[in-house]
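J.: Take this sequence and fold it.
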Amino acid sequence: MKQKEESFAPMWDLNPLWKSLTDDQKKEVAEKVELIHYAKNEVIHNDGDESEYVWMLLQGKVRIYKEGIGQRQQIIRLLKPYDIFGYRACTVNEPYNSSASAFEPCKLYRLDRESFNRLIQKNGALCYQVMLMMAKDLAFSEIQTVNLTQKHIRGRLAESLLLLLKNYGYEEDGRTLAMLLPREDLANMSNMTTSNAIRTLSQFAQEGILEIDGRHIKFLDEHALEKISRLG
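T.: Numbers count the residues shown, from 1 in each chain. Purely as a prediction, here's the structure:
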């Protein structure tokens, strides 16, 4: 991990969470925030680490995950640019309850916990926005828990593919997912073994729902995938 001499737009121009900062608070943030680079697969923080920073992704993709039995990873979510993470642990001064690593080379802003907590204590509008973000994350986690425990394999994989599509969209052709995801990571998102993920992807391809070319996934029938996800 190393700090890079580069410049990006300030945080309040990239994510509406920070829009309510006063001029004095923006000045404080500008003095405290750091721009950090992580290499592919480099760990940003581990589950159980002391919460030192709130992070905002600028470029690249970040995976948030938990390790289970046999060190198997359960991917909780994949983040896109301008997403914020680590804020819950910092708000309550608890250790991080999940791990984060760079899925690909990433650039992030990080703001130390003390500065972040000062801001939410002094700025009611910011505190309200943080509360809304926390509520949305909780709702997402509850839905994912149901999806990963009650849906069958096909439904779980369809749900993961649609979530990836929502997060990252299509390539220029309007069909190919703008995300090259290893089968193991797709399996870890869907709470299944890698072999089951590969087999189910092949079934979707045989049914004309997807077209698979290595790590490239082309959506041929998004409505069919939505139906499989809905029926579980």
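J.: Spatially nearest residue to the residue nearest the centre of the chain (excluding sequence neighbours)?
T.: With distances taken as C-alpha atoms, centre = their mean, the residue of the chain nearest its centroid is L79 (2.3 Å). Distances taken as C-beta to C-beta, 6 or more residues apart in numbering place V62 nearest to L79, at 4.3 Å, with adjacent residues excluded. All C-beta spots, glycine's among them, are computed from the backbone N, C-alpha and C.
J.: got it, and L163?
T.: M189 (7.7 Å).
J.: May I have the phi/psi pair for the residue nearest to the centre of the chain?
T.: Dihedral pair for L79: phi -100, psi 150, per degrees, to the nearest 10.
J.: Test of understanding: give the bridge partners of the residue nearest to L79.
T.: Going by DSSP bridges, V62 is paired in beta bridges with L79, A102.
J.: residues near it, how many?
T.: 22 (other C-beta atoms under 10 Å).
J.: I'd like the numbering to begin with 7 instead of 1 from here.
T.: Taking 7 as the first residue, the last one we looked at is V68.
J.: any idea how far it lies from S196?
T.: Distance, V68 to S196, by C-beta to C-beta, to the nearest Å: 19 Å.
J.: cool, F146 as well?
T.: Taking C-beta to C-beta, one finds F146 at 16 Å from S196.
J.: Now the element after the lowest-mean-pLDDT helix or strand in the chain, going C-ward?
T.: Using mean pLDDT, DSSP states H and E, the weakest-scoring helix or strand in the chain turns out to be strand 8-9, at a mean of 42. Using DSSP states H and E, the helix or strand that follows strand 8-9 towards the C-terminus is helix 29-38.
J.: Now do that next one: which elements does it pack against?
T.: Counting contacts by 3 or more C-beta pairs under 8 Å, 6 or more residues apart in numbering; DSSP states H and E, helix 29-38 is packed against strand 112-118, helix 119-128.
J.: Deepest in the core, which of those is it.
T.: Highest mean neighbour count among the helices and strands packed on helix 29-38 (mean count of other C-beta atoms under 10 Å): strand 112-118, with a mean of 21.
J.: so how far is the helix or strand containing the residue nearest to L169 off the chain centroid?
T.: Secondary-structure assignment from DSSP H and E places M195 in helix 189-196. Chain-centre distance of helix 189-196: 14 Å, with C-alpha atoms, centre = their mean, to the nearest Å.
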